[in-house]
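> build me a model from this:
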Amino acid sequence: MQYFETYTSNTVAGSGNQFFFRMPQDEIRTGRIFYKISTPGEYHYSLLFSNIIDSTFADGTLSHKNLICDEWQIHSAQIGRCSKPFPPKLLSEMTMNDNSSHADIVVSDLQEITFQGKKQKTVMPGEFFSSDPVKIDFQRDDYLCLEMTFSGEMIPYHEETLLPVFVKQNDEWIYSKQMPVAGMIGCDRPVCARIGYVGDSITQGIGTEPNSYLHWNAVLSEKMGERYAFWNLGLGYGRANDLASGGAWLYKAQQNDIVFVCYGVNDILRGFSEDQIKSDLADIVHTLKKQNKTVILQTIPPFDYQDENIEKWNKLNQYIKTELSDKADLIFDNSLILSECKEKAHLAKYGGHPNAKGCTLWAEALFEQTALFLNQNNV
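As a prediction, the model looks like this:
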């Protein structure tokens, strides 16, 4: 896609197609979703969407990797700026009233966005598409608001999103996750390199408070600075097996120059064999390296494993640190930070989904090794 020649991600929000929802045939719905902007400034923004489910959800009986969603309609769309800080409330308790300073969320400067010059769009099965660019000047800590009016019987969305998402019911905005999400908040900001984070819910940010932006790669991105663009491709329930299948998720990862890879928890918990997980991890590294990507591979985080999964986890991490060490550019052992102790390394000190403290310590240690590696290799 020519899209990636111009646009880079400008948020570390985890946002991708994790699942789908169904709507009555005659319903037309309006929703809003908010993404915190990483780097302030005035740029042209174009949002990237796809009509493909990236990863397997839960046990895969309802939604799975590379699932093609049905045709649906965009009736209108707008993007705007939200400059009032979000209050420390549950998302479900927040109020949003257009142009009202008394609401928790105030959206301003809404601009209509089009798709190849048209206000409406029919989204075809399996389609990747982007909005036409509009120029917006975001200040530090501003949010981009995507408002969309849509209809369809099968629509992709993000069930476990940590982002503020609302739909309009009887002229009131109600917290609800069921609206399409933009896979990338792209802007034409020049950067020295594009960095992508691929992984499961831990990479997405689950374990930290919703809308807090305290997950490990958000903290890491802040430390690495504005020279880079960062794209969080983490998805809850995601497996290495999903990415290795070569679908839309891998395609997105391949658009980056540097890719942080952190998989294995769900592969273990869902019963994939040791050999299969090794093969999938090796395939991911091989595919990315074949395209000259810098690959920073992490060990499988601790997750309070039990019984035979403890041995499987130990063997897989040993495989990553030995067999894959000469195939990836850098290996980072996150268990040194996240494990309860050396004798009980499989137990998660900061929770299976690490909390903000665990994510901060993880990011600090990873930053030291990453910065050293990038400086030594002039990346």
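> can you list the strands that the lowest-mean-pLDDT helix or strand in the chain pairs with?
Lowest mean confidence among the helices and strands of the chain (mean pLDDT, DSSP states H and E): strand 108-112, at a mean of 90. When pairs are called by DSSP bridges, strand 108-112 turns out to pair with strand 72-82 (antiparallel).
> which residues touch the strand it pairs with?
Residues lying outside strand 72-82 but in contact with it, judged by CB atoms under 8 Å, 6 or more residues apart in numbering, are 28, 34, 45, 47, 51, 105-113, 115, 119-123, 131, 134, 136, 138, 142-155, 180. C-beta coordinates here come from the backbone N, C-alpha and C atoms, glycine included.
> 7 Å instead?
By CB atoms under 7 Å, 6 or more residues apart in numbering, the residues outside strand 72-82 that reach it are 28, 34, 45, 105-113, 115, 119-123, 131, 134, 136, 138, 142-152, 155.
> need the buried ones from the residues you listed selected in PyMOL.
Here is the PyMOL command that selects the buried residues among these (16 or more other CB atoms under 10 Å):
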select buried, resi 34+45+105+106+107+113+115+121+123+131+134+136+138+142+143+144+145+146+147+148+149+150+151+152+155
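> take the contacts of strand 72-82 and keep only those in strands.
Taking DSSP state E, the ones among these that sit in strands are 34, 45, 108-112, 121-123, 134, 136, 138, 143-152, 155.
> now do the same contact list for Gly14.
By CB under 7 Å, 6+ apart, the contact list for Gly14 reads Leu162, Gln204, Gly205, Asn232, Gly234.
> and the gap between it and Val379?
Counting by CB to CB, to the nearest Å, the gap from Gly14 to Val379 is 24 Å.
> related to what we said a few turns ago, I'd like the contacts of Gly14 as TSV, with pLDDT, neighbour count and distance to Val219 appended.
TSV is the format used below for these (pLDDT from 0 to 100; neighbours: other CB atoms under 10 Å; distance: CB to CB, whole Å):
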residue	pLDDT	neighbour count	distance to Val219
Leu162	97	23	14
Gln204	98	29	14
Gly205	98	30	10
Asn232	98	27	12
Gly234	98	26	14
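> filter those residues down to the ones in strands?
Within these, membership in strands is found for Asn232, as judged by DSSP E.
> closest one of the contacts of Gly14 to Gln255?
Minimum distance to Gln255 across the contacts of Gly14 is 13.4 Å, recorded for Asn232 (CB to CB).
> is it true that the closest one touches Val219?
No: with contact taken as CB atoms under 7 Å, Asn232 and Val219 are classed as non-touching, separated by 11.9 Å.
> show me the shaky parts of the chain.
Per-residue confidence for the chain (pLDDT under 70) gives these ranges: 99-101.
> which parts of stretch 48-66 are buried?
Within stretch 48-66, the residues scored as buried using 16+ other CB under 10 Å are 48-57, 63-66.
> ok, stretch 16-30 next?
Taking 16+ other CB under 10 Å as the basis for neighbour counts, the residues of stretch 16-30 that come out buried are Gly16, Asn17, Gln18, Phe19, Phe20, Phe21, Met23, Arg29, Thr30.
> now do the contacts for Arg232.
One correction, residue 232 is Asn, not Arg. Contact criterion CB under 7 Å, 6+ apart gives Val12, Ala13, Gly14, Tyr197, Thr203, Gln204, Asn217 as the residues in contact with Asn232.
> check contacts around the most far-flung residue of the chain relative to its centre.
Of all residues in the chain, the one whose C-alpha sits farthest from the chain's mean C-alpha position, using CA atoms, centre = their mean, is Glu343 at 33.0 Å. Glu343 makes no contacts at all, as judged by CB under 7 Å, 6+ apart.
> now swap in Phe4 and tell me
Contact partners of Phe4, counting by CB under 7 Å, 6+ apart, are Gln255.
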